[in-house]
Structures are given as structure tokens and as C-alpha cells.
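# What shape does this take:
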Amino acid sequence: MDQIPGYSLHADGVDILDDQARSYVKFIADTTPLIPDGPDPLAVTVLGHGFNNRLYYVSTGICELVLKVYPLAGNDRMLREYSALSLLESVDSVPRPVWAESNARFLSRPALLCERVAGITLSEVPISARDCDHLARHLETVRKFRPPVDGPLAESVGPLSPSMCLDYIDRTTNALGYTMETRGAAFRDRLDELKEHRRCLELLELGREASSEPVRGFCQGDCRPDNMIRDEESGALKFVDWEHAGMMDPAYEAASFLSRPETLQLPGSQRDLFIEEYVSLSKDPSLRVRIYTYLTILPVQWTARILGLISDEDATRTQPWVTPRTEEQLFDDLEVYQEVARQVLSGELLD
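Sure thing, here's the model as predicted:
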């Protein structure tokens, strides 16, 4: 159908008129001191989007902010992000929160205003050793914060132990078995290999690590290059997108960063440098062992997740890419992760 001028259609309910966003920002500027007058007229322009949100750049010449608009059902995510930015307001590597509303005027949905972070995302440039050093220091800084026990950040947002990853693989594999007969031969072959890789994980006796006590630390929950912005002058990193922040095993967040599609090709020396820097900063005696345990599990977990996306059995129903992948692209991703799993598991079993 023809697109209405100024209309921005986006995934999961973020369907708004850009003019509504401008009206909302003008209302905030006119009725509060949060957006100070500057030498330039108030400007609100489309900045970009996440998988299911929309971002606007707000400027007055002396003030640069970002307006983030969430889907209708995204209030919990907005509260989580605003709470995280408020908790970390003293941390230089995190943008400063300005304002948040559950039902923003003109928009009729959750919205958040925060400081704009200038620079280039790590998804657009090669990741350097200095970036890895900054990330390790950032993870350790964030881990030390203790969110209020009665707030949204006290909730678990990811695995607390390796056993939770193994449970996810098992649940997904079982669910995929019910749809196997309706899928093609390529899907069934991939599912069979997933089952074989899960048996290999069992042979590695990861249960020894998996049976350890759950580890709870405060984490961003979405630690990936798209959410890391490098200042082009100083080289310092800032970390954005905190709507998934909460409690998980910090070792999982570190391993998850190294297991993303964008970071799989990082040189081994750089990966080891990042892990050793993080371990050296932490006083957690089992951190290194848990990171490497997750790194063994994660290629298999990614395989299960991608198969779940292909078959619509993935419980998260959110692709880990900003732009949704086609089924053909997902099969390509599947081959990448199964090859990584083959290499990791063969190496571990030979050791």
C-alpha cells in the first residue's frame, strides 16, 4: 500500500507519525527546563531504530538528546532502561537519563529522553585491543552496582549458570522435534546435528560447571557492538541500549559478547586479551572457568536459537539482529554456528 507522508512503520507496534514525536519534544521543551533553549531552533530528526523501537535526535545548538520511542507493550523495557541509566548516572561510559514516561503525550506509548552519545558504533569499524580493554573495565564497573531489590533491575534477564543454557538447548530441541516432520530435509539434518552437539556437551561433563551455585551480577543484558559507541577523538567507549539490563552471570555476558555474529571473527589473541583483562579486574575466582564453559556451550545454543527462529519455536520471538533475517540468511547463520560448534567441540573432546 502507499505510505502516508511522514508515517514511520516499524516492527512490534512502533507505528507513529514523526510529527507526533516532534510535538512531544516541543511540549517537553515548552513546559519543563529539561531541554534548554539554544542558539538554534529546536530540531527533531529521525536518528535510527532498534529491532522494535525508534530513535530521534533532538538538538537546540547547546543540547543534544535522543528520544527513544518503545512499542505499545514496551513499558517494562522503558522502566528497565530508565532505571539502569539512573543507577549508573555516575559512570562516564553510560549516557545520562533526562526524562521518561509510560504514556507519553502525543505518542500514547512509552518514551525516554537521554543524553546523545556521539561517535561511531563498533559494528561499523574493526574492534581494537583498546576497545576490548575498555569493555572489560566497563563490565567490571557495572557488575559492582547493586540495584534495589524491589525494582525491575533485580530481575533475572539471562542465565545464572551454565545449566540454564543447557536447559534452554534441551527445551528448544524438544519443541523443534514436534515440527520436524513439517520441515524440509535441510532443517532435519541441522536438527540432527544439534542433537549430536548436545550429546558432545554431555560427554564433556560440563555438568560439573553447570551444577555450581547460580551467580547473580548486574549486567547490560545486550552487550553487542551495535550498542557500543566509540568517541572518534578520545577513543573511549560508551554503552547504550539498557532496556534488557538486569541480573545474570557476568561470565555469560562476557562470553555472549565473544559469541555474537559480529565478534566471531575476532583474533584469538584479542579474545584472550579481553578475557584475561576482565579476569584480572575481577575478584571472582571462577570467572575464567565459567567464561570458557559458556564459550563451549554458546555455539550450540545459537544453533538452537536460529533453528527456533526458522521454525517459529523460539520463545523470545526477537531476532538478535537489528534488521530481521530471511529464512535463507538464517540457514547461512546456522552453518556458521554449527561449524564453530564442530571446531570447539572437537578441540575440547581431543583435549
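# Excluding chain neighbours, what is closest to Ile297?
In space, not counting the residues next to it along the chain, Ile297 is nearest to Cys165; the distance is 4.8 Å by CB to CB, 6 or more residues apart in numbering. Bear in mind the C-beta positions are built from the backbone N, C-alpha and C, glycine included.
# Find the residue ranges of the stretch 201-350 of the chain scoring beneath the pLDDT cut-off.
Where the stretch 201-350 of the chain drops to pLDDT under 70, the residues are 206-212, 313-319, 322, 348-350.
# correct me, but Pro159 touches Leu166?
No. Between Pro159 and Leu166 there is no contact, the gap being 9.4 Å when judged by CB atoms under 8 Å.
# Surely Thr32 touches Trp99?
Yes. Because the distance of 7.5 Å satisfies CB under 8 Å, Thr32 is recorded as touching Trp99.
# any idea how far the nearest residue to Ala43 once chain neighbours are set aside lies from Gly119?
Here the nearest residue to Ala43 in space, its sequence neighbours aside, is Ser59; by CB to CB, 6+ apart that works out to 4.8 Å. Computed as CB to CB, to the nearest Å, the Ser59 to Gly119 distance reads 16 Å.
# Same check on Arg146?
If you measure Arg146 against Gly119 using CB to CB, the figure is 29 Å.
# Show me which of those two is the more surrounded one.
Taking Arg146 and Gly119 together and counting by other CB atoms under 10 Å, Gly119 has the greater number of neighbours (18 against 11).
# who's in contact with that one?
When contacts are counted by CB atoms under 8 Å, 6 or more residues apart in numbering, Gly119 touches 229-232, 238.
# can we see that at 10 Å?
The neighbours of Gly119, taking CB atoms under 10 Å, 6 or more residues apart in numbering as the test, are 125, 228-238.
# where's the residue of the chain most remote from its centre relative to Lys26, distance?
With distances taken as CA atoms, centre = their mean, the residue sitting farthest from the centre of the chain turns out to be Pro39, at 36.7 Å. Counting by CB to CB, the gap from Pro39 to Lys26 is 17 Å.
# so Phe218 touches Ala84, yeah?
Yes. Using CB atoms under 10 Å, Phe218 is in contact with Ala84, at 8.5 Å.
# if I look at the two, which residues touch both of them?
Common contacts of Phe218 and Ala84 (CB under 10 Å, 6+ apart): 142, 145, 147, 153, 245-246.
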